[in-house]
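Novice: Give me a model of this one.
(chains A, B and C)
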Amino acid sequence: MNGFPLITTLTLVPLIGAVLVAGLGRDKASVARGLAFALGLFSLALALAMWKSFDPTFGALQFEERHDWIPTLHIQYHVAVDGLGLLMVLLTAVVTPMAMLASWRVEDRAPLYFSLVLFLQSGLFGTFTALNFFHWFLFWELSLIPAFFLIRLWGGPQRAPAATQFFVYTLFGSVALLLAFLAIFLATDKVSDFIALADAARQGTLIPALSKTLGWQELTTRGLATLIFIGAFVGLAVKVPLMPFHTWLPAAYAEAPTGTTMLLTGVMSKMGVYGFLRILLPIFPEPMQWLRTPLLVLAVITIVFSAGAAFAQTDLKRLLAYSSINHLGYCMLGIFAVATPGAGVIAPATQKAAALNGVVLQMFNHGLTASTLFWFVSLIERRSGGLRGLNDFGGLRKVAPVFCGLMGIALFSSLGLPGLNGFVGEFLIFKGAFPLAPCSASLSVIGLLVTAIFILTLIQRVFNGPLNPAWSRLPDLTAGERVMLGVPIALMFVLGVWPQLILGMINSTVVRMVEQLPF
Amino acid sequence: MLAWTIYISFLGALALMLLPAGTARAARAVALVTALAGLGIGVAGYAQFETGRIATLARVPWIPSLGIQYHLAADGISLTLVLLTGVAAVAGILFFWNIEHRAKEFFAFYLVLIGGVYGVFLSFDLFLLFVFYELAIIPKYFLIAIWGSTRREYGAMKLALYSFVGSAMVLVGLIAAYVVAGARTLDIVELAGFPFPHNFQMWAFPVVFVGFAILAGLWPFHTWAPTGHVAAPTAASMLLAGVVMKLGAYGCLRVAMTLFPQGLEPWGFHVLGFASWGDVFAVLAVTGIVYGATVALVQTDFKFVIGYSSVSHMGFVLLGLMTLNQVGLSGAVLQMFSHGVVAGLLFAVVGRMVYDRTHTRDLAALQGMNLSKTIPFAAVTFVLAGAASMGLPGFSGFVAEVQVLVGAWAAFPTLAVLAGAGIVVGVAYTWRAMQKAFFGEVTPADPGPPPKQLERISVHERLGAVLLIGISLVIGLCPDLLLRIIVPSFDSPLFDWLRTGGPR
Amino acid sequence: MSYLDLLKLALPETIVLLGALAALVADSTMRGLEVRFRFIIGGLIAAVGCAASIAWMLLAPGLGTAQGGMLVVDPLTQLVQIALLVLTIFTVLISMESDFTEHVGEYLALILLATVGMMFLVGSEDLLMVFISLELTSLSLYILTAFDKRSIRSAEAALKYFLFGGMSAAFTLFGFSLIYGLSGSTNLREIAVAIAGKGLDPLLIVGLVMAVIGFAFKVAAAPFHLWAPDAYQGAPAPSAAFIASGSKVAGFFIFAKVLMLGFAGAEGNGAWRDYAPGWTPVVAAIAALSMLLGNLAAIVQSSVRRLLAYSAIAHAGYMLLGVMPHNGQGFAALIYYAVTYALTTLGAFGVVAAVERGTGDETLAGFAGMSRRAPVISLCMLIFMLSLAGIPPLAGFFGKFYVFSAALKGGAPDLGLLWLVILAVGTSAVSLYYYLKVAKQLYVADPPAGSGALQVPILSQITLVLLAAGVVVLGCAPALILNLIQDAVQFARF
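Specialist: As a prediction, the model looks like this:
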């Protein structure tokens, strides 16, 4: 504990970098880009170094740092990573340079743009490593601000309402989350540490403590706990997003500049799922269990309806946006299925572990795949002068075969083709969820089918078919782009064939998480 | 040593008066050096300070036949506010660097005001405190009346009269306390230990408290604040909202609550649901929080938004004072510091960065100016200042407001919830102002005139902004820097009533 | 007591009288010379005379009582007489730059004669002597008011003053005669003894009320103040200054002395819950009325002189608070307040005189932008205005604090006079408005276009600076004269 502050360094470096880059004048755009990208790579190196020194055997917290922050309120600065946190840190470290590369051509106020990206990265690092509510919340909110400005200042024609809606929705959710945690803070006499709260929940002392100090009106103990749970749930559900809290997403993803969308879908959406895993499940296991059925219904609705909505889209970005919602719906399915009390033939612990492993794996894989897909869309959008409709293209395979080939791989990964990374996560989720929540899992398969349909439709309309004469001169990927895109594509193959790379990191953490559930 | 903050300020004012007219540059330099010296002394005093003790700085008989002494001392609370004054003074000068018209007189009045403020925070004799307190009213009047903008003469007179009426109320209470205690002494420590009769405290407390609270912007006596702040020139509004309003809150704590603690006890009967003066003032404080925030939400003048936000934030201070527990009280003192810094910053952005360049404060007009493109530094500064004002963790306001809320929860749970609602509205009005002022964009259908070239943000403005943001961040990240001197000062004999189970 | 002893006791007054005569004679020999020069010479003579008188009192104080209390020389009376002389010197200095009259010698002589009257006034403990001195002072002041023959206002003011004064003198005399009838003596201490046993005789009440009326007129307390605004506005500036300062000090002193010494048994009680008939409730009522009327009327004035007049009425109210506790503390407070108030008002009128001479306009508009045209006297005026408003650390603030505490202390332990103190503090708060109006004109308003620096003679500037410095010093370190006053009051066995 309190050795070299690796995590703090990891979080601070992009932050300081953001300030430095922002200070560069308007005429130093290339310097700004270069510096930002270098910092992105540096963070990646740090994350990889952390991975190397990470001990995956016990699933315990590592690189822990604890300092007193506000002693009068017993608030500490407490950061650490376990397998889950480390994976998220790696995801952020990988996606951010990708997003920067995709945004390389931003001209207008480039230093500010890259500074905001670095800011966002710092906020994300902070969120994934924080273990005390107050500075976790700080970073949670902190990532909101750069995202808002990125959409607002560099986005598409409808950016103003999209950005506002994004901000207001997320803020509203955050307020609910804050209120819930303030209630807990006051009820438990100033406990705000996630680990301590999880311990209290496990020992069964948390919920009685809530009623003792917060007895409002005639709410029963269960009622009160449920109310607070819902507050926290709303805050996190908006971020994932779960339907019906998702309406901000399509507009935001579509209007955001594509580099930002990569970050939004690649990492920021994972903040919500991470929150469920880190906060909601350990601290509110019982309310989650009580509300299991409605929650599963929400997850199923999310999966199915978003797939259907994706199918109906003609704007590629919106299509992919809904597809993102769909993929994260599987994560939510997995998590809610875990909230099932012990039952079933095979030891439930194994199933739950499988489900959670799948959830975590899906988080990483989807992050990688979705951001790569949006990168492809940005490339085509730029080449076509701003068009990105499903029906605007056709037969691109003839003029840009490399592009279509690589994007096809990514699309198949998103579809869940075995051999690519998208398959393993979904498979594990279903493997764990089927025994635990058979109805929901069965209904969710519809989502898989519809996903297959719209992805194949996309491939058919955009890549195959007769060549749209407007695009007969469409340039293929440049050599540099091939190299850059090659990296995530290669990763997709690697992770598809050798998922143990990640599973090894997270398995012990997941098992520990399952063990600590009171059911 | 800390006493020199007072003397240096007055000497600086004197030096400025002796400068030949028309030398704005020299005037600025003298003023800045003086303010920096004051800040430096404050910081040095902080470094040498022994927590938990009251450090006596000067104690000589002044008017022996009446028992009045020239008694200066500092405890943790005084020291915090002295530091705030130093910071605000320097920042104010930096942000008013461009003054040309009668610069010498401006800085002279400014330094006299600063000197008076230092004096209030360091006085431990009631008479001396009152002298400095009233002394500060006159420079305020002139600063606004001569260099202000909208309705300046009206705003200045209103402020002066409200302050004077407030201090008149304090004077009545003060003289009464003096006489009742035997007309031997006006020393705060001695009077704090004097057992005033219960009935006496029951009326003296609200009179003195309200007298001071008028200056602190207690609702409904706050109406001078928005008018005054808007009318004042930037440096003056920074000082007004940043420091002068804290004089009132400090007086409430140091004088009203210390001398007449029994005034907070339950009356023994209920009127409209109130059972003690503490209840009354807590409700008024929360009303101020919510009212200030709500009214700020509908303002069309940028500066009025900030003016009302000051009323709202001061409500937190007063609420914290009424919690009567250590968490709430130390939160209140920390909020005094934090809001002083943040309010200064907000007024600096609105007044100096925006108004001086665009000559308008109307949000609708600013919306079309696309300021985030033309003066991005101002936009960034306002975003940060707005975040601090909203109470985002990492900035000083967060720690203070959470402490006040935690303290208020123990004393008045319902009011704490309402105060929390006030914070949410705070986010809303800050957001709205920021949107409209900086990030408004013209729709493609109506491009309007191209954004004109605005003067770049000067070095001094940048320095001032960095200073203020830096301090808010430092205290937000390491609040212990101040809490370690504030919290132990509540252990001193002055606050015995807090421990021997005052009302709560 | 032989005449020689009497002369020795009355030497200070005699010196001043001689000074008056000397000025008169000297001036009559200089008729042909320029007015300004004559003023300087005459003024110097007058000033020297006063200074000599002060010197005599300081160096060779002869204490004693003459003629059964008609002339009392003790430290207290000497203190007040010195104060009066200082005020006179300053008045003379201010008047030296005047241009409103050619009768220099007469003017200065009248000032000094008035001073003599005031000196006798403060030195007497006998009703008859009080009356005579009052008349000497008043008559001189009436003429001084009328001295500006070019102005019709001056004549009107003097006439009003005279008529009012005459009427009030009649009241006073009538009251005194009733008291005499009741007590059989005109000596204050003997009167006190005589009425102590008698309770509140109707005759006593009438006599008391009339005496109070007479005095209230002298100090311009409401509702007997009607002469003041016109007199202050119409009289030439030095005369107005003198009326506002010196005669106030003397008037209050004797007012308090007569009431506290002479009617010692008949005070009654002016406290809120303990009302008892006597002179305190009457004085309280007058004080309250003065404070209210003076402050409220001053708010709407546009002439600085009338503003000062109404403020004088208000301050009379505050000073009467010092009389209320009828003990030494209150008396000391009253003296301190009166003296510092006199200095301040004198200075204020001095500035008004300078501005009138320079711009010909004594309304607020004439003061516009003065801080840039005449920075020194503007600063002095600012100090005077703030002191009058009661802003620390100036003398006016401490005076108010002292008087209010003394008043409250007098009603201890149940703070009976709190209502009056609250009223005083409240009206004092209101007064800031009109004092700031003047300050606003000086510092905030812009000077009229095309106006240059104002020519203010060096002598006036020095005088005003001295007065302002005095106000500041006495405010920051009141102990300087406070101890003197308190010791003197102790000695006089109140």
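
Novice: Which helix or strand lies directly C-terminal to the lowest-mean-pLDDT helix or strand in chain C?
Specialist: Lowest mean confidence among the helices and strands of chain C (mean pLDDT, DSSP states H and E): strand C:64-66, at a mean of 77. Later in the chain than strand C:64-66, the nearest helix or strand by DSSP states H and E is strand C:71-73.

Novice: Can you tell me the strand partners of that following strand and which way each runs?
Specialist: As defined by DSSP bridges, the strand partners of strand C:71-73 come to strand C:64-66 (antiparallel).

Novice: Please point out which parts of the partner strand sit buried.
Specialist: By neighbour count on 16 or more other C-beta atoms under 10 Å in any protein chain shown, the buried set for strand C:64-66 is C:65-66. To be clear about C-beta, it is placed using only N, CA and C from the backbone, and glycine gets the same treatment.

Novice: in chain B, which helix has the most residues?
Specialist: Using DSSP state H, we find that the single longest helix of chain B is helix B:152-180.

Novice: Please work out the average pLDDT along that helix.
Specialist: What helix B:152-180 shows for mean pLDDT is 90.

Novice: Flag every buried residue along it.
Specialist: Neighbour counts over helix B:152-180 (16+ other C-beta under 10 Å) mark B:152-153, B:155-180 as buried.

Novice: How about stretch A:511-519?
Specialist: Buried, per 16+ other C-beta under 10 Å, within stretch A:511-519: A:511-514, A:517.

Novice: contacts for that stretch?
Specialist: For stretch A:511-519, contacts defined as C-beta atoms under 8 Å, 6 or more residues apart in numbering or on different chains pick out A:58-60, A:82, A:84, A:198, A:201-202, A:204, A:277, A:281-282, A:285-286, A:289, A:338-342, A:349, A:352-353, A:356.

Novice: In contact with C:Ile313, which residues?
Specialist: Residues near C:Ile313 by C-beta under 8 Å, 6+ apart: C:220-222, C:225, C:228, C:290, C:293-294, C:297.

Novice: what pLDDT does it get?
Specialist: pLDDT, C:Ile313: 94.

Novice: which stretch of helix or strand covers the nearest residue to it once chain neighbours are set aside?
Specialist: Leaving aside its sequence neighbours, C:Ile313 sits nearest to C:Gly294 (C-beta to C-beta, 6 or more residues apart in numbering or on different chains; 3.4 Å). Using DSSP H and E, the element containing C:Gly294 is helix C:279-299.

Novice: So for that helix, mean pLDDT?
Specialist: Here helix C:279-299 scores 90 as its mean pLDDT.

Novice: next one: stretch A:301-312
Specialist: 91.

Novice: which parts of that stretch are buried?
Specialist: Neighbour-count burial for stretch A:301-312 flags A:302-311 (criterion: 16+ other C-beta under 10 Å).

Novice: Which of these fall within helices?
Specialist: Those of the buried residues of stretch A:301-312 lying in helices (DSSP H): A:302-311.

Novice: who in the stretch 151-300 of chain B is up against chain C?
Specialist: Contact residues (C-beta under 8 Å from any C-beta of the partner chain) of the stretch 151-300 of chain B with chain C: B:153, B:157, B:160-161, B:164-165, B:167-169, B:171-172, B:175-176, B:178-180, B:183.

Novice: Okay, buried residues for the helix holding C:Gly294 please.
Specialist: Going by neighbour count (16+ other C-beta under 10 Å), the buried part of helix C:279-299 is C:279-284, C:286-295, C:297-298.

Novice: next structured bit after that helix?
Specialist: helix C:304-323.

Novice: Show me what the longest helix seen in chain A is packed up against.
Specialist: Looking across chain A with DSSP H, the single longest helix is helix A:348-383. Contacts defined by 3 or more C-beta pairs under 8 Å, 6 or more residues apart in numbering or on different chains; DSSP states H and E place helix A:348-383 against helix A:83-102, helix A:258-263, helix A:269-275, helix A:316-338, helix A:401-415, helix A:421-436, helix A:479-497, helix A:500-515.

Novice: okay, those helices in CSV with distance to B:Ala410 next?
Specialist: Shown next, in CSV, are those (distance: least, C-beta to C-beta, whole Å):
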stretch, distance to B:Ala410
helix A:83-102, 35
helix A:258-263, 42
helix A:269-275, 29
helix A:316-338, 36
helix A:401-415, 53
helix A:421-436, 43
helix A:479-497, 52
helix A:500-515, 35
